[in-house]
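Participant: With the sequence up front, the predicted model follows.
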Amino acid sequence: MNGEAPVTVVGLGEMGRALADAFLAEGRPVTVWNRTAAKAEGVVTRGAVRAGSVAEAVTASPLVVVCLLDYSAVRETLEPVAPQLHGRTVVNLTNGTPVQAGEMAEWAAGHGADYLDGGIMAVPTTVATPEAFILYSGEQRVFDPLRGTLDVLGAAKYLGAEVGLASLYDLALLSGLNLMFDGFHHSVAMATSQKEGTAVGFTELLVPWLTNMAQLLPAFAAEVDADLDRDAEPQLTQGLDVQLVGLANIMNASREAGVSTAPLEPSLAGLKALLAEGRGVWSAPASVRQLRSGPPVG
């Protein structure tokens, strides 16, 4: 071992095992625990120490990294050993909501533990690679001494002291991903509705098209921020009539191809709501503002 401080990893699903392996690859002493003990076999073979209980796991290290199914599982696992958490740092990389993160932080503080909440922006196979990054929020005095340790898992990105920020950004990023995949599935269903169409051939066109369009996102984001500050009118706009006709054509072609239009209905409702507000043009700030006001009707 290289003399680095030990780490405990609680939860050994695919992601938890990847986290433990990343610490092991650095040469750090790693203690692991999982409700189903057999899931620890691989990481134990690679050098981790299997704890016989949660209490044994959390007392083995000053840093306890938790990666479980949900926050209910985190509380169920840690509550019986709450006294043993005193003076330790809990880094919770479990997927959850900002409210849950705040509640967990309060619970940890009530038992004398420091707490960071996190969101893993990686899949297990990309943990500890240049493609991975992990979001963190909580007190900066807790994060700063751990940055080097946490960087082992993927680039550690600190968002701020508001403990729910990591969960919020994590879920927002997953929202963008999920909607992108929904668009991919819908577009592939359309393109393969004809006998000559193939998903592979179509995707060879889709990827460069999406990559090119994604370059507009920073400009849209700047206009959204400017709109929040009421500093400027957006310049990146398009006539709502053009948007509505284009979307209507997509939906009609979908129906003709026997493909559901359900993924497109929210977009249609959003455009109709902008029109009902008396707007003649679409812009990113208008769409974001509308989404913040609640679900459109139409």
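Facilitator: Nice, I can see it.
Participant: Residue ranges in the stretch 151-298 of the chain under the pLDDT threshold?
Facilitator: 229-231, 295-298 (pLDDT under 70).
Participant: where do the helices sit along it?
Facilitator: With helices called from DSSP state H, counting those that start in this stretch, the stretch 151-298 of the chain shows them at 165-191, 199-214, 217-228, 240-256, 265-276, 284-292.
Participant: CSV for those helices, including distance to Asp21 and mean neighbour count?
Facilitator: Using the backbone N, CA and C atoms, a C-beta is placed for each residue, glycine as well. Output for those, formatted as CSV (distance: least, Cβ to Cβ, whole Å; neighbours: other Cβ atoms under 10 Å):
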stretch, distance to Asp21, mean neighbour count
helix 165-191, 22, 16
helix 199-214, 30, 11
helix 217-228, 33, 14
helix 240-256, 44, 14
helix 265-276, 40, 17
helix 284-292, 39, 16
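Participant: how's this protein carved up into domains?
Facilitator: The chain is divided into the following domains under automatic domain parsing: 7-167, 216-292.
Participant: Give me the contact list for stretch 271-281.
Facilitator: For stretch 271-281, contacts defined as Cβ atoms under 8 Å, 6 or more residues apart in numbering pick out 237-241, 243-244, 247, 282, 286-287, 290, 296-298.
Participant: give me that answer again for 10 Å
Facilitator: 234, 237-244, 246-248, 282-283, 286-287, 289-291, 293-298 (Cβ atoms under 10 Å, 6 or more residues apart in numbering).
Participant: Would it be right to say that Leu12 lies in a helix?
Facilitator: No: using DSSP: H, G, I helix; E, B strand; the rest coil, the secondary structure at Leu12 is coil, not a helix.
Participant: tell me the phi and psi of it?
Facilitator: phi -130, psi 50 (degrees, to the nearest 10).
Participant: show me the contacts for it.
Facilitator: Taking Cβ under 10 Å, 6+ apart, we find Leu12 in contact with 18-20, 32-44, 48, 50, 67-68.
Participant: got the phi/psi numbers for Asp117?
Facilitator: phi -100, psi 150.
Participant: Skipping its backbone neighbours, what lies nearest it in space?
Facilitator: Among residues not flanking Asp117 along the chain, Ala101 sits closest, at 4.2 Å (Cβ to Cβ, 6 or more residues apart in numbering).
Participant: Settle this for me: the one you found is touching Leu135, isn't it.
Facilitator: No: assessed by Cβ atoms under 10 Å, Ala101 is found out of contact with Leu135, at 11.1 Å.
Participant: more neighbours, those two?
Facilitator: When Ala101 is set against Leu135 and neighbours are counted by other Cβ atoms under 10 Å, the residue ahead is Ala101, at 28 against 23.
Participant: May I have the predicted confidence score for the more buried one?
Facilitator: pLDDT recorded at Ala101 is 98.
Participant: Now do the contacts for it.
Facilitator: Contact analysis of Ala101 by Cβ under 10 Å, 6+ apart lists 71, 92, 94, 115-119, 137-138, 162-168, 170.
Participant: Can I take it that it is in a helix?
Facilitator: Yes: checked against three-state DSSP, Ala101 lies within a helix.
Participant: mind checking how far it is from Val10?
Facilitator: Applying Cβ to Cβ, to the nearest Å, the value for Ala101 to Val10 is 17 Å.
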